[in-house]
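Asks: build me a structure from this.
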Amino acid sequence: MLSLHRMDPASGGLGPAMFGRSTRRGKKLSFQPSVSLKRGEVYLARLTEGRRDLAERKYRIPRRTEQPDPPKVLAVYPTAKAIPANLLKFYIYFSEPMREGREVFDLIRIVDSKGRTVEAPWRQVELWDADARRLTLWIHPGRIKRGVSLRQMTGAVLRAGEEYQLVVDERVQAMSGAALKKAYSHRFRAIPEDRSAPAPGDWKMEIPMAGSRRELQVSASESFDHVLWKRHQWIEDARGRRVKGFVQLAEGEREWRFKPDRNWEPGRYQLCVDQWLEDLGGNGPGRPFERDVNTAETDPGVTRRSFRVP
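Replies: Have a look, this model is predicted:
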């Protein structure tokens with residue numbers, strides 16, 4: 001176990017273990033505190049196993065000599081400017097690790113075209129990636145599903161035909177303690193709700209020629225969750241082996257592009273789509289987000305679509 005303690009500057013004694021998160025990547029063990037470390041202070045990192053101390057090391061946080069660059073919002077997904085009114089979640093990417101805490105839900109707002117803030121849009125569960133650079137913001141599902149009492153009482157978060165802004169307040173802070181220099185605004189328009197399951201068999205495909213490393217392009221008529229589309233779609237060769245390569249999304253997450261590590265060989269391949277892929281409304285292949293609870297749920301597994309590289 002890796003822990004971090006602040007040392008008292010007068011007595012040299014240790015404070016309690018700080019709250020935070022330990023992560024292991026291969027042989028590297030790191031600890032990310034939930035609050036910013038103070039410049040000029042001394043901290044003790046301690047590695048223990050059960051009741052045994054394995055190693056410890058002191059660190060002094062250097063005093064700031066110059067003002068650091070403020071953190072920035074790098075991107076907001078979905079990038080499409082027209083998104084279904086039953087959108088399930090936003091992703092916000094920052095330039096550096098950000099300070100965690102539930103106050104973030106009060107500092108990120110949805111504002112309509114008349115400047116009114118949409119009340120209580122978020123499911124208040126913090127979802128940061130391991131580096132605290134990407135925040136996943138879920139819109140409360142009780143305001144998305146039809147027939148649910150919360151939606152009936154407070155209404156949907158987004159309304160088709162309306163223009164909105166996702167506003168990240170300038171008071172949002174990085175782990176360093178620095179705040180955004182100015183508020184960030186992401187504009188979009190809500191279109192009618194999407195309640196239908198995606199059909200990979202209807203997607204258009206541009207197939208490259210053998211002997212090249214040109215991209216295979218798959219185009220859909222709707223936008224998809226960019227994290228899940230990269231993770232839950234892949235290519236297999238005729239022997240069922242996954243083809244290694246690089247995936248990139250384009251056209252507002254309506255286009256999936258795959259570039260292989262090696263030249264395409266002639267023959268048959270399969271485009272494989274896992275059931276956990278989701279469009280912006282949370283619908284997956286054969287698995288719509290909004291289902292009749294009295295109907296048994298089916299497991300569509302992996303959808304495979306064959307194609308040939310000439």
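Asks: any idea how far Thr48 is from Arg151?
Replies: Relative to Thr48, Arg151 is positioned 49 Å away (Cβ to Cβ, to the nearest Å). C-beta: built from backbone N, CA, C; applies to glycine.
Asks: so for these two, which sits in the more crowded spot?
Replies: The neighbour count for Arg151 versus Thr48, taken as other Cβ atoms under 10 Å, is higher for Arg151 (17 against 13).
Asks: give me the secondary structure label for the more buried one.
Replies: For Arg151, the secondary structure call by DSSP: H, G, I helix; E, B strand; the rest coil comes out as helix.
Asks: contacting residues for it?
Replies: When the contact criterion is Cβ atoms under 8 Å, 6 or more residues apart in numbering, the partners of Arg151 are 142-145.
Asks: and Leu54, how many neighbours?
Replies: Look at Leu54: counted by other Cβ under 10 Å, it has 11 neighbours.
Asks: of the contacts of Arg151, which is the most crowded?
Replies: For those, neighbours tallied by other Cβ under 10 Å; top is Ile144, 24 neighbours.
Asks: can you pull the contacts of it?
Replies: Contact criterion Cβ under 8 Å, 6+ apart gives 86, 88, 151, 156-157, 282, 289 as the residues in contact with Ile144.
Asks: check the spacing between it and Leu166 real quick.
Replies: With distances defined as Cβ to Cβ, the gap from Ile144 to Leu166 amounts to 16 Å.
Asks: contact partners for the residue nearest to Glu49 when sequence neighbours are not counted?
Replies: Setting aside the residues directly before and after it, Glu49 is nearest to Met1 in space (Cβ to Cβ, 6 or more residues apart in numbering), at 7.2 Å. Met1 makes contact with 22, 47-49, according to Cβ under 8 Å, 6+ apart.
Asks: among the residues you listed, which one lies nearest to Met209?
Replies: For the contacts of Met1, the residue nearest Met209 by Cβ to Cβ is Ser22; the value is 48.8 Å.
Asks: what's the neighbour count on the closest one?
Replies: Applying other Cβ under 10 Å, we find 12 residues neighbouring Ser22.
Asks: please, which helix or strand holds it?
Replies: Secondary structure from DSSP states H and E places Ser22 in strand 20-25.
Asks: what does Arg257 give?
Replies: Secondary-structure element containing Arg257, defined by DSSP H and E: strand 255-260.
Asks: who does that strand touch, helix- and strand-wise?
Replies: Where contact means 3 or more Cβ pairs under 8 Å, 6 or more residues apart in numbering; DSSP states H and E, strand 255-260 is packed against strand 216-219, strand 233-236, strand 245-250.
Asks: same list (these) but as JSON lines, adding mean neighbour count, mean pLDDT and distance to Ala174.
Replies: Output for the helices and strands packed on strand 255-260, formatted as JSON lines (neighbours: other Cβ atoms under 10 Å; pLDDT from 0 to 100; distance: least, Cβ to Cβ, whole Å):
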{"stretch": "strand 216-219", "mean neighbour count": "19", "mean pLDDT": "98", "distance to Ala174": "37"}
{"stretch": "strand 233-236", "mean neighbour count": "19", "mean pLDDT": "98", "distance to Ala174": "33"}
{"stretch": "strand 245-250", "mean neighbour count": "14", "mean pLDDT": "97", "distance to Ala174": "27"}
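Asks: so what does the nearest residue to Arg6 once chain neighbours are set aside look like in phi/psi?
Replies: Spatially, and ignoring its direct neighbours in sequence, Arg6 is nearest to Gly15 (4.3 Å; Cβ to Cβ, 6+ apart). The phi and psi torsions at Gly15 (degrees, to the nearest 10) take the values phi -80, psi 180.
Asks: with that, I have no additional questions.
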